[in-house]
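Enquirer: Any chance you could fold what I've pasted below:
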Amino acid sequence: MRSGRWSRRALLPLLGIVAIHAPLVPVAPGSGAAMPDLLWCLVLAFVARAPDAAPAAVIVGLGLLADLMLSRPPGLGALGLLIASEIFRAPDGAARGWSPPREWLFAAAAFAATILATALAERLTLGPGLAALRGHVVATVLAYPFVALGVGWLLGQRPARSGTR
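Expert: Okay, here's the model as predicted:
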């Protein structure tokens with residue numbers, strides 16, 4: 001059982017690195033299609049289903065790596081990801097009793113808020129405007145349910161419920 005716990009803990013960093021590199025692959029150069037933030041989807045789906053297998057240090061590390069690899073302001077995306085994941089992991093377990101649509105809505109709102117904060121920070125440094133980030137938000141919101149289903153299938157469980165571990 002102990003090796004199963006460690007394999008679950010190793011799964012998030014491994015899949016996280018794949019999720020960080022996915023937008024860097026030139027799938028359709030010049031198409032202008034927005035790539036979803038698969039790391040965001042992966043981390044929130046993982047924390048909702050296996051909070052003990054997603055330590056905050058790993059989440060921050062993956063978030064910082066993504067910020068650096070994807071040329072985003074270092075730390076803003078990581079901070080937003082950590083805040084959202086800690087709401088899912090709240091000690092009272094309120095978020096764990098959410099239905100899948102409510103979980104999806106929270107993930108979408110939290111991602112949009114993080115993108116807005118990032119856009120405001122980039123605005124100070126003459127980065128891209130909000131219009132350029134709209135497609136990124138939409139793509140991530142649409143990708144979340146599929147990533148959540150995949151994580152649930154990989155872990156063999158549904159989102160953790162209140163009072164259960």
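
Enquirer: Roughly how far does the residue nearest to the spatial centre of the chain sit from Ala121?
Expert: Residue closest to the average C-alpha location in the chain (Cα atoms, centre = their mean): Trp40, at 1.4 Å. Trp40 sits 17 Å away from Ala121, going by Cβ to Cβ, to the nearest Å. Glycine gets a C-beta too; all of them are placed from N, C-alpha and C.

Enquirer: hang on, the earlier thing: give me the three-state assignment for the closest residue to the residue nearest to the centre of the chain other than its chain neighbours.
Expert: Distances taken as Cβ to Cβ, 6 or more residues apart in numbering put Phe111 closest to Trp40, at 5.5 Å, once the chain neighbours are dropped. Under DSSP: H, G, I helix; E, B strand; the rest coil, the three-state class of Phe111 is helix.

Enquirer: Next, count neighbours for Phe111.
Expert: 24 (other Cβ atoms under 10 Å).

Enquirer: Then Phe146?
Expert: Residues near Phe146, counting by other Cβ under 10 Å: 13.

Enquirer: which SSE is Gly32 in?
Expert: Counting by DSSP states H and E, there is no helix or strand that carries Gly32.

Enquirer: re the thing from before, my guess is the residue nearest to Trp40 contacts Leu39. True?
Expert: No. Applying Cβ atoms under 8 Å, one finds Phe111 not in contact with Leu39, separated by 10.8 Å.

Enquirer: Nearest residue to Pro13 in space, please, no chain neighbours.
Expert: In space, Pro13 is closest to Val58, 5.6 Å off (Cβ to Cβ, 6+ apart).
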